[in-house]
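**Q** need a 3D model of the sequence below.
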Amino acid sequence: MRTALDEAQTRLVDNDALLKHTEAKLDELRRPMTADIMSSSLRAEMKSGEAIVTGGYRLPDGKRLYAFATPVLEKVDGADSVRIEGRYLAITDAAGAAAGLSGLATNAANTLQHGEVWVADEQKTIIDQLAAAEGTDVLSYPAVSVRPGFSASIDVGGIRLKVTPERTDQPDGLNVELRLEQPAVTPAQAEPVTSSPPASPEAP
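**A** Model prediction:
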């Protein structure tokens, strides 16, 4: 009887934790309806050292913001840890088209499964190309480390990037949940900047 009661208590605790987690996720997804923000969320299976890119929202100056996050598996005191490296890029539509990012440009207030996974070499090539483009603003954020299954949030200038990595059964495999939030832009602010016609897209 005692064992059955202990097992029932454990199930109740687990169910309560799951319910609280689910409620928190729902509150997060509802935030664009209650707060003046735009957001994108996605979950992707990837390898350590690959990069996720998401965003594509208009900024007040007419450029678009893209967030890049690179989770890297490490061992810290014998335990798994994930270091999150990355940066934000504010780029013109012309630069985005030339780098093959037009598909991520969006004006939707809230997007799901909105992003791409890039291998390390692909990420470096495209970011170097974008950084050299006229009008690009690059902001690198401090790397943060988190244990698998936990979340790390990076807040810079009103922009929040939340990353939740989990291990897979592959040696360097990760399931990564990524959420980007940024302040909403008013219709007047969202007017696109005038720029030269975009160059022919290059394959990422």
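
**Q** list the residues that contact the residue nearest to the spatial centre of the chain.
**A** Nearest residue to the geometric centre of the chain (CA atoms, centre = their mean): Leu178, 3.9 Å. For Leu178, the contact set (CB atoms under 8 Å, 6 or more residues apart in numbering) comprises 41-44, 52, 54, 67, 69, 115, 161-164. Quick note: C-beta positions are derived from backbone N, CA and C, even for glycine.

**Q** any idea how far the closest residue to Ser39 other than its chain neighbours is from Gly55?
**A** Nearest residue to Ser39 in three dimensions, chain neighbours excluded: Glu181, at 4.6 Å (CB to CB, 6 or more residues apart in numbering). According to CB to CB, to the nearest Å, Glu181 stands 10 Å off from Gly55.

**Q** one more: Ser151?
**A** Ser151 is 18 Å from Gly55, where distance means CB to CB.

**Q** can you read off the pLDDT for Ser40?
**A** What the model reports for Ser40 is a pLDDT of 89.

**Q** so Met38 is in which element?
**A** For Met38, the host element (DSSP states H and E) is strand 37-47.

**Q** now that strand: how far from the chain's centre is it?
**A** Offset of strand 37-47 from its chain centre (CA atoms, centre = their mean, to the nearest Å): 5 Å.

**Q** which residues does that strand contact?
**A** 28-29, 31-32, 52, 54-57, 71, 106, 108-115, 117, 168, 170, 172-185.

**Q** stretch 109-121 too?
**A** Contacts with stretch 109-121, where a contact means CB under 8 Å, 6+ apart, come from 29, 32-33, 38-44, 46, 49-56, 70, 104, 106, 126, 178, 184, 204.
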